[in-house]
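In: Structure of the sequence below:
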Amino acid sequence: MNPETWEKFERIRGQGFRNAEEIAAVLQKEAIHFSPSELPAFGAFITGSFGRHGDFSPAPDWLAAVFSALVQGRAVNTICDPWAGIGLLIGVMQEATQAKIALAFVPNRSDAVLGKVLVGNAEWQVGSPIDLLSSQDSEIDLVASLLPWGAKASQPLTVRDLGGNNIVLRDELGNLILVAASMRLSAEGIGLFVVTPSFFISPRSVFQQFSALGLGLDAALALPSGTFTPHTNIPSYLLIVRKHPVSKMFVAQLSSDSNTNRQVLSNLTNGEEGGSLDLGRFVDPLSFRGVDIIRVQERFEQAERLLGASAVPLEELATVINLGRFGDDFQFPKLENAIYIPLLGISNVVDSLDGLTLKPQNYAQVAIDPALSNARFVAQFLNSEFGKEIRNLCKSGVVIPKLNKQTLKELRVFVPDLQTQKTMLEIEARIAAEQNTLIGLQNELGQFQRELWANPQSVKQVDQRLSVFSDRLSESPKLYAVAGLDQWLTHRQKVDAKIQDFLGGMGLTQDWM
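Out: Below is the predicted model:
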């Protein structure tokens, strides 16, 4: 933020505002004006200093720059933001396109009052965005909007498909606005919308009707977690919608790094895949469920090649799956070879009731067929970095994602043969024993240090005890510490090659055990 802009913010900082109209009045009184490029910073400032005004989430500077880059060089006459908030995005888009007509729709008057002060050359209209879109006679060359998430629609949306038949769409308000706006696009127009991952996976999503409506997804660009903090940490995607079917969709990962984003957009423009998934990949839009799922699938494929075996759905390993229930008197039945999987959050999977850290209602009890796997092995796999990724991706729900009985069944687990499992668990026990030994030694040294500095007169006593401590250590640990792990391992026999292949295929280290 440049000093001049910051000085403008400082002039209104500390003033109490009850709504957007009061902010507008002060801006007019103080003759404070912001350029389009300063609007994203202004949005972050007022929401951070005065709370959220109106129903909008400001885009950070880097995301506003991506929006601008996506429309550079396009012939645009009319642009529209059907959920314009206070105009933070449409101001940026108007500057980037030099469009003659800029339509800003908002459902309440308060945001429109402030919006007119911030983006005075836009045509502000108050009312239902879907009704306002339906009333437009002319086509729109560019729609750009941060749509509302999770807002319920008061009624379904009826649109005509390519055959002239009516299709009734029932979805959340933001997705209905997306369709209503996209249907107004010109033949070469594009829509830029930010949506949640449910757009791709919800059975009632409007996306399921895109082909029938003659719409297509050119790209789905994943936004990093925290893009819209503090309003929400829900994952999101920037979509590019066209008014014609698209057989291959470009997917990539955006970030706050401008150089990375430039490479992503260059690949998109040139129709090229990047060297990694983050830099761009073409996929079938109908089968797309998210970039994280693609990442996990690629890791599965790599592991399957190394192991020569496929991952197993948890359903095939389980003999019983019991979900916890509310109530102080609820208890899971006693089952042998069982694990307890937390349905929400990132707590560890445990293999005994004594290990539960959440209320029983937040767990699922899964009994594992002992002929197929050791329950402890399955628990440790699901606690690995890879296992946690799998658990998170299987969760459903927008507000509080959690596992349910069906998604539990679909959890994929790699299980080697029983002998390999046994060997790995034995090695894990040995590692844990060595770790406990080192922790005990470290605690003893810590006690020496505390005594030394708590009582300077104990110098001789601590020195004697430290000498005894040092003598207790054999020469080998000292040599090990000096030489380092790599050199020391040359004098030890390596573990079974099959175990190493398994760990490498999972992208795991000994920390997972």
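
In: for the protein, what's the longest strand?
Out: Scanning the chain for the longest strand, with DSSP state E as the assignment, gives strand 185-195.

In: so after it, what's the next helix or strand?
Out: Next in sequence after strand 185-195, counting helices and strands by DSSP states H and E, comes helix 198-201.

In: What about the residue nearest to Leu268 when sequence neighbours are not counted, how many residues nearby?
Out: Closest residue in space to Leu268, ignoring its immediate chain neighbours: Phe250 at 5.2 Å, by Cβ to Cβ, 6 or more residues apart in numbering. Backbone N, C-alpha and C define where each C-beta goes, glycine included. Residues contacting Phe250 under the criterion other Cβ atoms under 10 Å number 24.

In: can you start the count at 876 instead of 1 from here on
Out: Sure thing, new numbering starts at 876, so read that last one as Phe1125.

In: All the helices of the stretch 876-1025 of the chain, residue numbers only.
Out: With DSSP state H, counting those that start in this stretch applied, the stretch 876-1025 of the chain shows helices at 878-887, 895-904, 914-925, 936-946, 963-972, 984-993, 1004-1009, listed in chain order.

In: In terms of secondary structure, what does the longest strand of the chain contact?
Out: The helices and strands touching strand 1060-1070, judged by 3 or more Cβ pairs under 8 Å, 6 or more residues apart in numbering; DSSP states H and E, are helix 936-946, strand 1015-1021, helix 1048-1057, strand 1111-1117.

In: low-scoring pLDDT stretches of this protein, where are they?
Out: Within the chain, the ranges that satisfy pLDDT under 70 run 876-877, 880-881, 884, 888-891, 893, 919-932, 1105, 1182-1184, 1272-1274, 1349-1388.

In: Got the domain ranges for it?
Out: 930-1162, 1170-1290, 1294-1387 (automatic domain parsing).

In: from the ones you listed, which stretch is densest packed?
Out: Between the domains of the chain, domain 930-1162 has the highest mean count of neighbours, a mean of 19, where neighbours are mean count of other Cβ atoms under 10 Å.

In: between the helices of the stretch 876-1025 of the chain, which gets nearest to Leu1348?
Out: Nearest of these to Leu1348, taken as Cβ to Cβ: helix 936-946 at 52.9 Å.

In: angle of the closest one against helix 963-972?
Out: Angle of helix 936-946 versus helix 963-972, following axes from the mean of the first three to the mean of the last three Cα atoms, to 10 degrees, is 40 degrees.

In: Show residues contacting helix 936-946.
Out: Outside helix 936-946, the residues within contact range by Cβ atoms under 8 Å, 6 or more residues apart in numbering are 914-916, 934, 963-964, 967-968, 970-972, 1017, 1019, 1065, 1067, 1096, 1098, 1102, 1113, 1115, 1129-1133, 1136-1137, 1140.

In: Throw the helices of the stretch 876-1025 of the chain into TSV and include distance to Lys1277, thanks.
Out: Shown next, in TSV, are the helices of the stretch 876-1025 of the chain (distance: least, Cβ to Cβ, whole Å):
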stretch	distance to Lys1277
helix 878-887	40
helix 895-904	36
helix 914-925	29
helix 936-946	29
helix 963-972	32
helix 984-993	34
helix 1004-1009	32
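
In: Ok, which of the ones you listed comes nearest Leu1293?
Out: helix 936-946 (50.4 Å).

In: Gly1038 versus the nearest residue to Pro1120 once chain neighbours are set aside, what's the distance?
Out: The shortest distance from Pro1120 to any residue that is not its chain neighbour, by Cβ to Cβ, 6+ apart, is 4.5 Å, and that residue is Gly1091. Separation of Gly1091 from Gly1038 (Cβ to Cβ, to the nearest Å) stands at 17 Å.

In: Then Ala1186?
Out: For Ala1186, the distance to Gly1038 - Cβ to Cβ - is 42 Å.

In: try Gly1165
Out: According to Cβ to Cβ, Gly1165 and Gly1038 sit 31 Å apart.

In: just Ile898 next, same as before
Out: Using Cβ to Cβ, one gets 49 Å for the distance from Ile898 to Gly1038.

In: now swap in Phe1201 and tell me
Out: Taking Cβ to Cβ as the criterion, Phe1201 is separated from Gly1038 by 49 Å.

In: what's the answer for Asp1292, then?
Out: Here the criterion is Cβ to Cβ. By it, Asp1292 lies 56 Å from Gly1038.

In: and if you look at Glu1326?
Out: Between Glu1326 and Gly1038 the computed distance is 86 Å (Cβ to Cβ).

In: Could you do Ile1168 as well?
Out: 33 Å.

In: As a check, name the ranges of all strands in the stretch 1226-1375 of the chain.
Out: Taking DSSP state E, counting those that start in this stretch as the criterion, the stretch 1226-1375 of the chain carries its strands at 1238-1243, 1287-1288.

In: wait, which of these is closest to Ser1009?
Out: Each of the strands of the stretch 1226-1375 of the chain was scored for nearness to Ser1009 using Cβ to Cβ, and the closest is strand 1287-1288 (45.4 Å).

In: Mind listing residues that contact that closest one?
Out: Taking contacts as Cβ under 8 Å, 6+ apart, the residues outside strand 1287-1288 that touch it are 1175, 1186-1189, 1192, 1248, 1253, 1256-1257, 1262, 1265.

In: Serialize those residues to TSV and add fields for distance to Ala1026.
Out: Supplementary listing: the contacts of strand 1287-1288 in TSV, determined by distance: Cβ to Cβ, whole Å:
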residue	distance to Ala1026
Phe1175	36
Ala1186	38
Val1187	40
Pro1188	35
Leu1189	35
Leu1192	41
Ser1248	45
Val1253	40
Phe1256	39
Leu1257	35
Gly1262	35
Ile1265	31
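
In: Tell me which two in these are the farthest apart.
Out: Using Cβ to Cβ for every pair in the contacts of strand 1287-1288, the one that comes out farthest apart is Phe1175 and Ser1248, at 17.6 Å.

In: from what I can see Ser1073 touches Ser1080, true?
Out: Yes. Counting by Cβ atoms under 8 Å, Ser1073 does reach Ser1080; the two are 6.8 Å apart.

In: Check the gap between Ser1100 and Cys1269 for me.
Out: When distance is defined by Cβ to Cβ, Ser1100 is 18 Å away from Cys1269.

In: I misspoke; the intended subject was Glu1176.
Out: For Glu1176, the distance to Cys1269 under the criterion Cβ to Cβ works out to 18 Å.

In: Over to Gly1220?
Out: 14 Å.

In: contacting residues around the residue nearest to Pro1120?
Out: Contacts of Gly1091 were listed using Cβ under 8 Å, 6+ apart, and they are 1085, 1116-1121, 1160.

In: do Lys1234 as well
Out: With contacts taken as Cβ under 8 Å, 6+ apart, Lys1234 has the following neighbours: Gly1199.

In: one more time with 7 Å
Out: For Lys1234, the set of contacting residues under the criterion of Cβ atoms under 7 Å, 6 or more residues apart in numbering is empty.

In: Endpoints of stretch 885-905, how far apart?
Out: End-to-end distance for stretch 885-905: 12 Å, by Cα to Cα, to the nearest Å.

In: and the longest helix for the protein?
Out: Longest helix in the chain, counting residues (DSSP state H): helix 1293-1329.

In: Determine the set of other helices and strands touching that one.
Out: Helices and strands touching helix 1293-1329, as assessed by 3 or more Cβ pairs under 7 Å, 6 or more residues apart in numbering; DSSP states H and E, comprise helix 1250-1258, helix 1334-1347, helix 1372-1381.

In: returning to what we had before: can I get the strands of the stretch 1226-1375 of the chain in JSON lines including distance to Ser1227?
Out: Output for those, formatted as JSON lines (distance: least, Cβ to Cβ, whole Å):
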{"stretch": "strand 1238-1243", "distance to Ser1227": "11"}
{"stretch": "strand 1287-1288", "distance to Ser1227": "19"}
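
In: So which of the ones you listed is nearest Ala1308?
Out: Distances from Ala1308 to each of the strands of the stretch 1226-1375 of the chain were compared using Cβ to Cβ; the minimum, 25.0 Å, belongs to strand 1238-1243.
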